[in-house]
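Asks: the following block contains a protein sequence and its predicted model.
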There are 2 protein chains.
Amino acid sequence: MTEAKERARDRISRRQVDKFADRRAQLAVSALRTLAELGYARTSLREIAQNSEFSHGVLHYYFADKVDLLTHCVRQFEEVCVTRYDEIVARARTAAELERDFAAAMAATLRADAKMHRLWYDLRNQSLFEESFRADVLEIDRRREEMIHHVVARYAELAAASAAVPQAVAYALLDGLFQQALLRHLAGEEAAAAELERAVPAVLARVVAV
Amino acid sequence: MTEAKERARDRISRRQVDKFADRRAQLAVSALRTLAELGYARTSLREIAQNSEFSHGVLHYYFADKVDLLTHCVRQFEEVCVTRYDEIVARARTAAELERDFAAAMAATLRADAKMHRLWYDLRNQSLFEESFRADVLEIDRRREEMIHHVVARYAELAAASAAVPQAVAYALLDGLFQQALLRHLAGEEAAAAELERAVPAVLARVVAV
DNA sequence: CCAAGGTCTGGACGGTCGTCAAGAGTCTCT
DNA sequence: AGAGACTCTTGACGACCGTCCAGACCTTGG
């Protein structure tokens, strides 16, 4: 009995906890949508609430304060931000195939998720001024570096070569390339994504040594 | 008489204009100092005034509004931001010398002007959300690209090689490298500048083809 | 069916923001 | 010396910010 009761209570408690966590996640989605649209500097709690189906008061029911909300956003953002190129890596049978698909995937996400990427760079930069997100941002950046490393390592393997630069450098180069393309894409330059797609193979070839 | 008077008036008028422009520049310096410290999101006009020797009201005497001030800041920033590597380019007699000095100069400015560089990336990113600075930011970015191109072109010349990637790509790569180093440097990683200095020659060698 | 607790609303608070204007202070020219 | 233009301070304004709270709403267990 007691056991059954306890199990029930746990189930309920877990359900409540899950419900609580679900709503937090839902509100974080609204917050991320707002952030992607307005940027960190202009995003207010009232604006976030208006982009959700709740009133502004509820944010303080689910989050202790603004920093708590934004930290949760950054962490939740990680899952979206670390876009997986793993499938492309796993599928590719030749170096040429990998470099083609990887370049196409970068160009595609540049076109499709430009505002999301813009937000990522905004948050990463914000972490240079604000201590609070720094740890989470650095963790995401580390994960992104690993993601790129997987691509480069597999590419080197398929090309019967070895990495010519440290993985941190490879990531920095490809990230710089992507960021520049994002800048141009959002400035209205139509060819930005296509040029990115053309540049990626050249860079990929240069970060490995035959 | 009339001519003398006119000349005098012009002189005065010019002096007043110059005085006006000088004060604008002086206030812009205070604004840039504040921006470098707090970031775009946190910088207010009152804070800028407090970092100057004037009261907050004077800002609206010299600038129409906040956007006017910030635009002026960005434009004035260009002269500081487009750090000249020209001297290094002009002095270098061999490719090895150029790559050594260029790498050392990048590491040096990373160490010395980290907050200024942090501000640049903040403003550049802000321009992705706000139309107002976009044109000026893109202009600065173009100038930075040219600056890097000078280095790369001279390096290729000294190495009896030719550029292997478009100059926009070369800039994107080196900028990405620098930004990553800035991230780590400001996160307290002591070795960031040294690692940048080591990575730059490798990248430089790879953006030219023998 | 009712008490209890979880959920949400809407308004109020103190503070800061950008902006503005009235007036004091300063300089210049006649 | 005094008028007039230029420069700067100070305080106020409405708007918006993050935060908090009293109470309505809703679900659920007994």
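Replies: That came through fine.
Asks: which residues touch the most centrally placed residue in chain A?
Replies: Taking CA atoms, centre = their mean, the centroid of chain A lies closest to A:C81, which sits 1.2 Å from it. When the contact criterion is CB atoms under 8 Å, 6 or more residues apart in numbering or on different chains, the partners of A:C81 are A:M116, A:W120, A:I140, A:R144. In short, each C-beta sits where N, CA and C put it, glycine included.
Asks: which of those fall in helices?
Replies: Within those, residues falling in helices by DSSP state H are A:M116, A:W120, A:I140, A:R144.
Asks: which one of the residues you listed has the most neighbours?
Replies: Among those, the one with the most neighbours (other CB atoms under 10 Å in any protein chain shown) is A:W120, at 24 neighbours.
Asks: now chain A against chain B: closest residue?
Replies: A:G176 (1.5 Å; CB to the nearest CB).
Asks: burial of that residue, as a residue count?
Replies: Neighbour tally, A:G176, other CB under 10 Å: 22.
Asks: quick check: closest non-adjacent residue to it.
Replies: Nearest residue to A:G176 in three dimensions, chain neighbours excluded: B:G176, at 1.5 Å (CB to CB, 6 or more residues apart in numbering or on different chains).
Asks: do I have it right that the one you found meets A:L177?
Replies: Yes - B:G176 is within contact range of A:L177, at 6.5 Å (criterion: CB atoms under 8 Å).
Asks: quick revisit: got a list of what the residue nearest to A:G176 touches?
Replies: Contact partners of B:G176, counting by CB under 8 Å, 6+ apart, are A:A172, A:L173, A:L174, A:D175, A:G176, A:L177, A:Q179, A:Q180.
Asks: out of those, which two sit at the greatest distance?
Replies: Using CB to CB, the pair of the contacts of B:G176 lying farthest apart is A:A172 and A:Q180, separated by 12.5 Å.
Asks: those two - which one has more neighbours?
Replies: Taking other CB under 10 Å, A:A172 and A:Q180 do not tie; A:A172 has more neighbours (28 against 23).
Asks: gap between the host helix or strand of that one and the chain center?
Replies: Following DSSP states H and E, one finds A:A172 within helix A:167-186. Counting by CA atoms, centre = their mean, to the nearest Å, helix A:167-186 is centred 14 Å from the centre of its parent chain.
Asks: let me know the angle separating the following helix or strand past it from helix B:167-186.
Replies: Counting by DSSP H and E, the next helix or strand C-terminal to helix A:167-186 is helix A:192-206. Interaxial angle, helix A:192-206 versus helix B:167-186 (axes from the mean of the first three to the mean of the last three CA atoms, to 10 degrees): 70 degrees.
Asks: give me the sheet partners of the helix or strand following helix A:192-206 and which way each runs.
Replies: Counting by DSSP H and E, the next helix or strand C-terminal to helix A:192-206 is strand A:208-209. Using DSSP bridges, the strands paired with strand A:208-209 are strand A:162-163 (antiparallel).
Asks: what is the mean pLDDT for the strand it pairs with?
Replies: Mean pLDDT, computed over strand A:162-163, is 94.
Asks: who touches that strand?
Replies: So strand A:162-163 is contacted by A:V152, A:A153, A:A156, A:A170, A:V207, A:V208, A:A209 (CB under 8 Å, 6+ apart).
Asks: filter those down to the buried ones, ChimeraX style.
Replies: This is how ChimeraX selects the buried members of the contacts of strand A:162-163, with burial counted by 16 or more other CB atoms under 10 Å in any protein chain shown:
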select /A:152,153,156,170,207,208
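Asks: many thanks, have a good one.
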